[in-house]
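A.B. asks: no FASTA, just this:
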DNA sequence: TTTATCCAGATAATTTATATCCAATTAAGG
DNA sequence: CCTTAATTGGATATAAATTATCTGGATAAA
């Protein structure tokens, strides 16, 4: 049970895109360089973010990616769902209907109790993900960082969009 | 991000093993038949449960599996950890240390804020899993079932251990 | 010694990760 | 106005890792 690398990458990348001024964008190539990740795979993840509306893109020369919503409106749940899809982690195959003592479909109106129990836990997970915004994470990170480092990043962004 | 089939299978199987009387056991073959799942793969999952102490095994003719703890002492977290391993779903590769603005290791004493945020959500997930015992799930299931079906299962178990 | 069982390692299928290629789009320069 | 360069968009191929399945050996009772 693992989340793909894209979840880590794109979360960090959103914190950088948050620094991009209105009307500008950062290319996949630049973002891949910033974190030293393979640009081809990152490009695919960025498209997933775009389809979810988390980022917006501009094609052609001078184009690139920027955030599609405010940092307050982007949660970790948004990112995970965009990258990993909406599918729940626990897959119920209704094995209660199998075998010599299997239930008949008509007796299975209520959801399987095992599946329900796992669904409850996943609800708690999703709720905890939804409670954390990009804004909150960035604030936390800024508090633990030095002014020099923050300036360093801001400077890099400025150079990219020049 | 998915849980393996073994999680579903073994959770259901634990609810059956709970009906096995002291000193007796059910074979992997019997359990595989009961739920119509491949016995070879189930055998591997059962070994993971055994290593975690959730079930106990007896080898040789007449052997088999029984629960290794009481139904109150077995939680969904125990099962998930036994089958899926203790590894967290989010994998932090410390990409904050990469690239032109990467932090130096000495400036990374505090955990990465992105990783911490995901860890918080996973804590909520684990907590929710730990809150659900096999006893609770079985009680719920029994309440939604018919006396006939419960007797049917009890009868099947009796025949297997005879 | 035979039979039923668990156990451990090899194999196959699926998913995830990565790379490659080309079309569509936009900006800038001649 | 046309060409060129830089970019996203999308499909497809390849490699690595994970999950699922099988085969054969170890163990213990009858």
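C.D. replies: That came in fine, so what should we check first? Since the structure is predicted, the reported quantities are computational estimates derived from the model, not experimental observations.

A.B. asks: quick one, what contacts the residue sitting nearest the centre point of chain A?
C.D. replies: Centroid check for chain A by CA atoms, centre = their mean gives residue A:79 as the closest residue, at 1.8 Å. Contacts for residue A:79 (CB atoms under 8 Å, 6 or more residues apart in numbering or on different chains) come out as A:7, A:10-11, A:14, A:49, A:54. Yep, even glycine has a C-beta here, placed from its N, CA and C like the rest.

A.B. asks: switch to 10 Å and redo it
C.D. replies: Residue A:79 makes contact with A:3, A:6-8, A:10-11, A:13-14, A:45, A:48-49, A:52, A:54, A:129, A:134, B:118 under the criterion CB atoms under 10 Å, 6 or more residues apart in numbering or on different chains.

A.B. asks: Also residue A:60?
C.D. replies: Applying CB under 10 Å, 6+ apart, no residues contact residue A:60.

A.B. asks: Can you classify it as helix, strand or coil?
C.D. replies: coil (DSSP: H, G, I helix; E, B strand; the rest coil).

A.B. asks: State the pLDDT value of it.
C.D. replies: If you check residue A:60, the pLDDT there is 91.

A.B. asks: just checking, next helix/strand downstream of the lengthiest helix in chain A?
C.D. replies: In chain A, ranked by residue count with DSSP state H as the criterion, the top helix is helix A:113-130. Once the chain leaves helix A:113-130, the next helix or strand it forms, by DSSP states H and E, is helix A:134-144.

A.B. asks: Next one: the residue of chain A positioned farthest from its centre from chain B, what distance?
C.D. replies: Distance from the centre of chain A peaks at residue A:100, with 43.6 Å (CA atoms, centre = their mean). The span separating residue A:100 from chain B equals 6 Å under the rule CB to the nearest CB, to the nearest Å.

A.B. asks: Point out where chain A drops to low pLDDT.
C.D. replies: Scanning chain A for pLDDT under 70 picks out A:87.

A.B. asks: Tell me which stretches of it form strands.
C.D. replies: Listed in chain order, the strands of chain A (DSSP state E) span A:55-58, A:64-67.

A.B. asks: just checking, what packs against the first one?
C.D. replies: Pointing back at strand A:55-58 there. helix A:5-17, helix A:39-51, strand A:64-67 (3 or more CB pairs under 10 Å, 6 or more residues apart in numbering or on different chains; DSSP states H and E).
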